[in-house]
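Trainee: turn this into a model:
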Amino acid sequence: MTTYTLKDITRPSGGFAMLAVDQREAMRLMFAAAGASQPVADHVLTDFKVNAARTLSPFASAILVDQQFCYRQVVEQKAIAPSCGMIVAADAFIPGNGIPVDSVIIDKAVDPQAVKRDGAKALKLLVLWRSDEDADQRLAMVREFNQLCHANGLVSIIEPVVRPPRRGDKFDREQAIIDAAKELGDSGADLYKVEMPLCGKGDTQTLLAASQRLNDHIAMPWVILSSGVDEKLFPRAVRVAMSAGASGFLAGRAVWSSVVGLPDTELMLRDVAAPKLQRLGDIVDEMMATR
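Mentor: Predicted coordinates for the structure are as follows:
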């Protein structure tokens, strides 16, 4: 059995410059906010994702796709560049309480061997972390996911994202990110995808200290995501996080959100989004060269 490793989703430098297009209802809301006609049809999301894969994957070490809107299409259309590894989201989102993702389970519809035959190198699991929910249940889900990946020779990527507790209104995002890392940072996955401390804001030294604190609790390679970070701040966020121990990024919004809903999508992805991704990849290579 072929067993994939992190090297299959990194750049030659050893760093990660990975693109996410697995947003689901969140992307539909982005199109709606950009003035798209209502309701935003599924094909609008699919077309954008496939175009993004085709245009941007040559500049990414890996691309994260979802089963619901684009996995089958990018495979059939061979939209992912041969140099770019494919990661498949293996999380099923359950809406509730007025939000698109209120809870998450492992998506049993994702067949590890089938996606591997289609070229996937890794699976990704979103883990919602709330201080007042059962830690043992979260850990059990992560262990089941890791076993699923490793039994099939696939890389395991977990993405803990913090949320306010269901009861009470006290929520310290920064402490929650640390607490989630303490709980899940040594859970047996291959890669930890994490929210950027302080949303990438503040002076560099403060941001570096917060990132170093996070690094202390993650016992595996880790990368940052871009949700919640202003795209203009994201290049600095990558640099600072990598100074603290991160190995790159797995991000979508910082690369392509500014072209959502614009006409001439392919042109905009090529002329606006691709240079952003190239710049981020250069930062990753530059930072890896200092190690």
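
Trainee: show the pLDDT at the closest residue to A32 other than its chain neighbours.
Mentor: Distances taken as CB to CB, 6 or more residues apart in numbering place V40 nearest to A32, at 5.5 Å, with adjacent residues excluded. Where you see a C-beta, it was placed from the backbone N, CA and C, and this is true even at glycine. Per-residue confidence (pLDDT) for V40: 93.

Trainee: again with R54
Mentor: Looking at R54, its pLDDT is 98.

Trainee: tell me the SS of the nearest residue to it once chain neighbours are set aside?
Mentor: Using CB to CB, 6+ apart and skipping residues adjacent in sequence, the residue nearest R54 is A79, 4.3 Å away. Secondary structure for A79, judged by DSSP: H, G, I helix; E, B strand; the rest coil, is coil.

Trainee: now for A79: which residues touch it?
Mentor: Contacts for A79 (CB atoms under 8 Å, 6 or more residues apart in numbering) come out as 50, 53-54, 57, 73.

Trainee: give the contact list for R11.
Mentor: 17, 61, 248, 281, 284-285, 288.

Trainee: of those residues, which belong to strands?
Mentor: 17, 248 (DSSP state E).

Trainee: now the buried members of the contacts of R11.
Mentor: 17, 61, 248, 281, 284-285, 288 (16 or more other CB atoms under 10 Å).

Trainee: if we can go back for a sec, quick one, phi psi at the residue nearest to R54?
Mentor: Here is the backbone geometry of A79 (degrees, to the nearest 10): phi -80, psi -10.

Trainee: about what we covered before: possible to save the buried ones among the contacts of R11 as CSV with distance to I87 and pLDDT?
Mentor: Formatted as CSV, the buried ones among the contacts of R11 follow (distance: CB to CB, whole Å; pLDDT from 0 to 100):
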residue, distance to I87, pLDDT
A17, 13, 98
S61, 10, 98
G248, 13, 98
G281, 16, 98
V284, 16, 98
D285, 20, 98
M288, 20, 98
